[in-house]
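Colleague: Please work out how this folds:
(4 chains)
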2 protein chains.
Amino acid sequence: MTHTTETRLLRINEVAAEAGLTTRAIRYYEEIGLLEPAARSGGDYRLYDQSDLERLLFIRSLRDDAGFSLAQIRQLLEDEVARERNRERFRETRDPAERRAILVDACTRVDRQIEILEAKAARLATMIDEAQARRRHLDDHLAEVDGGPSPHPERQAAQGQPAADGSEPRVAQPSKPAR
Amino acid sequence: MTHTTETRLLRINEVAAEAGLTTRAIRYYEEIGLLEPAARSGGDYRLYDQSDLERLLFIRSLRDDAGFSLAQIRQLLEDEVARERNRERFRETRDPAERRAILVDACTRVDRQIEILEAKAARLATMIDEAQARRRHLDDHLAEVDGGPSPHPERQAAQGQPAADGSEPRVAQPSKPAR
DNA sequence: CCTCACCTTCACGTGAACGTGAAGGTGAGG
DNA sequence: CCTCACCTTCACGTTCACGTGAAGGTGAGG
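Modeller: Okay, here's the model as predicted:
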């Protein structure tokens, strides 16, 4: 008898709590083909294992943190599954041409994933930069108001009168004078 | 007469084309308070200026590239507007305490923006790393299949027999053996 | 003045991503 | 065996982000 190792199967309610999702959401994800429970009980209860939980956590982070639609998530997960199948097929052949074809297909999928992800990341990076620039500018003003010319040590004090109004370097996102 | 400078006002159809949105979407954004046209014509036609167009482009990039909901975008834009108001108030007072309060408020808003953005970016970065690791692994296999031990020059050739099955370093996103 | 393309405001329709009962089955504890 | 909490499958309701007419006004060209 494996005594502590084996992390028993979870019912939908439990896995939902662990994943931070509702039971309805999980059933919905099953409806649209995002995951199937590892097993069913006698009375057709859905039973989930540890990998299901991880998959749900992954789905949730894609949805919440990365902001993907379930359709995009489906695409990403399908590519993942295809990758798995490719590995199978790869192992089952010795023909170099076929192996090459499998690898090329895999590359195409991965490249597509990367492209999708990087487009998002690039825009986010720009926005973060802009926000941080504003933050630094505010810090300077704060230091200036707080204790005269002597902001934080690592950035040299803005000598003279550093445009003592509240002017900031506009980066993006315009807005009209009186709106 | 200002002859070329002045970039005349655009009607909804034109600004929609330039922004890559539909007229309906733009009217909807107005409904939910994301932007108001710069002006209205005699017959109540919506008229947009250059800053409106930029704002629409910004909204679109937030929606498409960053994957924000319109509610989140509204939040971000509102913070932006608040920032604008703060600058006004800042200029209109000389009281250091008040100025400080304004700046602290601004910092809070910016920090919240940054927090939201960085959460998204962090998750995306991880995913990109994982995808690129897979991509590199595939490249190695490809090179191996293509021309024996001699992958691309900048990465040293995997000597010996580099686990000639299709094994990849699993990074995240599990999947069960036979699903 | 007429036409025709574009505009306006309702107002209902739609797909995605669930929420919310309804009606009945399941399973561990007392 | 009974209870009670949790499960099942319909199936309709809801919010978001628009789409799609309908019915009528606008404005530049011929």
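
Colleague: for chain A, what's the longest helix?
Modeller: helix A:96-147 (DSSP state H).

Colleague: Just confirm yes or no for it near DNA strand C.
Modeller: No. Using Cβ under 7 Å from any atom of the strand, helix A:96-147 stays clear of DNA strand C, with a minimum separation of 14.6 Å. Quick note: C-beta positions are derived from backbone N, CA and C, even for glycine.

Colleague: and that helix, is it in reach of chain B?
Modeller: Yes. Using Cβ under 8 Å from any Cβ of the partner chain, we find that helix A:96-147 touches chain B at A:96, A:99-100, A:103-104, A:106-107, A:110-111, A:113-114, A:117-125, A:127-128, A:131-132, A:134-135, A:138-139, A:141-142, A:145-146.

Colleague: Which of those are buried, as a ChimeraX select command?
Modeller: In ChimeraX, this line selects whichever of the residues of helix A:96-147 next to chain B come out buried by 16 or more other Cβ atoms under 10 Å in any protein chain shown:
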select /A:99,103,106,107,110,113,114,117,118,120,121,123,124,127,128,131,134,135,138,139,141,142,145
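
Colleague: Could you verify my assumption that residue A:50 touches residue A:7?
Modeller: Yes. At 5.2 Å, residue A:50 counts as touching residue A:7 under the criterion of Cβ atoms under 8 Å.

Colleague: Compare the two (neighbour count), which wins?
Modeller: Taking neighbours as other Cβ atoms under 10 Å in any protein chain shown, residue A:50 and residue A:7 compare with residue A:50 leading, 17 against 9.

Colleague: Now do the contacts for that one.
Modeller: residue A:7 (Cβ atoms under 8 Å, 6 or more residues apart in numbering or on different chains).

Colleague: same deal with residue A:59?
Modeller: Residue A:59 neighbours (Cβ under 8 Å, 6+ apart): A:29, A:34-35, A:73, A:77.

Colleague: just checking, it is part of a strand?
Modeller: No. Looking at residue A:59 with DSSP: H, G, I helix; E, B strand; the rest coil, it is helix, so not inside a strand.

Colleague: For chain A, what lies in contact range of DNA strand C?
Modeller: So chain A meets DNA strand C at A:22, A:24-25, A:28, A:32, A:41-45, A:63, A:69-71 (Cβ under 7 Å from any atom of the strand).

Colleague: tally of neighbours for the residue in chain A positioned nearest to DNA strand D?
Modeller: Closest residue of chain A to DNA strand D, Cβ to the nearest atom of the strand: residue A:13 (2.8 Å). Per other Cβ under 10 Å, the neighbour tally for residue A:13 reads 13.

Colleague: just checking, it touches residue A:24?
Modeller: No. Counting by Cβ under 8 Å, residue A:13 sits too far from residue A:24 to count as a contact (11.4 Å).

Colleague: Once you drop chain neighbours, what's closest to the residue of chain A found nearest chain B?
Modeller: Using Cβ to the nearest Cβ, the closest approach of chain A to chain B is made by residue A:67 at 3.0 Å. What sits nearest to residue A:67 in space, not counting adjacent residues and going by Cβ to Cβ, 6 or more residues apart in numbering or on different chains, is residue B:67, at 3.0 Å.

Colleague: for the one you found, phi and psi?
Modeller: The phi/psi pair for residue B:67 (degrees, to the nearest 10) reads phi 70, psi 30.

Colleague: what's near enough to touch the spatially most central residue of chain A?
Modeller: In chain A, the residue lying closest to the centroid (Cα atoms, centre = their mean) is residue A:66, at 3.5 Å. By Cβ under 8 Å, 6+ apart, the residues touching residue A:66 are A:120, B:67, B:120, B:123-124, B:127.

Colleague: one more time with 10 Å
Modeller: The contact partners of residue A:66, taken as Cβ atoms under 10 Å, 6 or more residues apart in numbering or on different chains, are A:72-73, A:76, A:116-117, A:120-121, A:124, B:66-67, B:119-124, B:126-127.

Colleague: Residue A:71 too?
Modeller: residue A:32.

Colleague: Assign a three-state SS to it, would you?
Modeller: Quick answer, by three-state DSSP: residue A:71 is helix.

Colleague: do you know how far it is from residue A:22?
Modeller: Distance check for residue A:71 against residue A:22: by Cβ to Cβ, to the nearest Å, it reads 20 Å.

Colleague: Surely residue A:41 touches residue A:9?
Modeller: Yes. Between residue A:41 and residue A:9 there is a contact under Cβ atoms under 10 Å: 8.5 Å.

Colleague: For these two, list the residues in contact with both.
Modeller: With Cβ under 10 Å, 6+ apart, residue A:41 and residue A:9 have common neighbours residue A:47.

Colleague: neighbour-wise, which of the two wins?
Modeller: More crowded of residue A:41 and residue A:9, by other Cβ under 10 Å: residue A:9, with 18 against 11.

Colleague: how about the more buried one, what does it touch?
Modeller: A:15, A:37-39, A:41, A:45-50, A:52.

Colleague: near DNA strand D, from these?
Modeller: Answer for the contacts of residue A:9 near DNA strand D (Cβ under 7 Å from any atom of the strand): A:45-46.

Colleague: Put the buried members of the contacts of residue A:9 into a ChimeraX selection.
Modeller: Restricted to buried positions by 16+ other Cβ under 10 Å, the ChimeraX selection for these reads:
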select /A:15,37,38,46,47,48,49,50,52
